[in-house]
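**Student:** Any chance you can model this:
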Amino acid sequence: ALALLGVSLSVAAIRPPCAPLNVVSPYQSTWSCSDNLYDSWPTHWTGDIHAMYGMINVDGKVYRWMGPANVDETEGVGVVSQLSLAVSATTTTYKFMVGDFVNLKVSFVTPAIDLDSDEEEAGLPVTYVHYEVGTVDGFSHTVKVYFDTSAEHVVNDNGHEVDWTRVDTDDLTVMKVGTTAQDFASSYSDRIDWGYGYVAAPTNSDTASTMASSTLARSTF
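**Tutor:** Here you go, the predicted structure:
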């Protein structure tokens, strides 16, 4: 005799306690542990703040989509509404509503699949931040998106001195930051204190960049 049992399963979407934003290694490991991306600062897996901040300007009105409110830096800035969070093996995707006229999709992508044939590319400690903006009300809008990251990602003590510089290429705007000392492999901390962090974007007329204090950069967006 043959008995067949059919089972229908409904699998809920993954909702981890912390969502990976920039996770490549134990040193390069930044997460969001809040329900909404704008509720608190992203953190290293140790719990230390690894600040990243995001805003969007729609027709001259600025809204915050990542990082907590800070009156000293972003007075008068609104906040988006988070609609969803989706986490897959290599990508964390947030969807937001900006006012009632624009939606914003932000994806943090750390490629790690199908790279077995290219060991050099597979070993690159890179995370891509990708934006998509769409109109909801059917009208055209002028939109600018802002992203920043702090030097907290490249030190194990926030009191350590850092240097920053530009290392642009023909087609990329590249900003580089790292400790002044660069004391290789001497740290016993779970956070790194040597090497460099880079932020890069395509060089074109739509891209603007600055290396400045968070107060100056955020308040002038």
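
**Student:** CA atoms for contacts and neighbours, from now on please.
**Tutor:** Will do.

**Student:** which other helices and strands contact the longest helix anywhere in the chain?
**Tutor:** What stands out as the longest helix in the chain, according to DSSP state H, is helix 214-219. Using 3 or more Cα pairs under 8 Å, 6 or more residues apart in numbering; DSSP states H and E as the contact criterion, the neighbours of helix 214-219 among helices and strands are helix 71-74.

**Student:** Just after the helix it packs on, pick out the following helix or strand.
**Tutor:** strand 78-79 (DSSP states H and E).

**Student:** Report the distance from that following strand to the chain centre.
**Tutor:** Mean C-alpha position of strand 78-79 versus that of the full chain (Cα atoms, centre = their mean, to the nearest Å) differs by 18 Å.

**Student:** what residues does it touch?
**Tutor:** Outside of strand 78-79, the residues within contact range by Cα atoms under 8 Å, 6 or more residues apart in numbering are Y38, K61, V62, Y63, R64, W65, V98.

**Student:** Write the PyMOL selection for whichever of those residues are buried.
**Tutor:** Burial among the contacts of strand 78-79 is assessed by 16 or more other Cα atoms under 10 Å; the matching PyMOL selection reads:
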select buried, resi 38+62+63+64+65+98
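
**Student:** In the contacts of strand 78-79, find the pair that's most separated.
**Tutor:** Taking Cα to Cα, the two most distant members of those are Y38 and K61; they sit 17.2 Å apart.

**Student:** What mean pLDDT does stretch 177-196 get?
**Tutor:** If you average the pLDDT over stretch 177-196, you get 86.

**Student:** Which helix or strand in this protein has the lowest average pLDDT?
**Tutor:** Confidence across the helices and strands of the chain bottoms out at helix 71-74, with a mean of 60, counting by mean pLDDT, DSSP states H and E.

**Student:** Tell me how far T142 lies from T220.
**Tutor:** Note on T142: its distance to T220, by Cα to Cα, to the nearest Å, is 17 Å.

**Student:** do the same with S213
**Tutor:** The separation that S213 has from T220, given Cα to Cα, amounts to 11 Å.

**Student:** Tell me how many other residues crowd the nearest residue to H50 once chain neighbours are set aside.
**Tutor:** Distance criterion Cα to Cα, 6 or more residues apart in numbering; nearest residue to H50, sequence neighbours excluded, is T43 at 4.7 Å. Counted by other Cα atoms under 10 Å, the residues lying close to T43 total 22.
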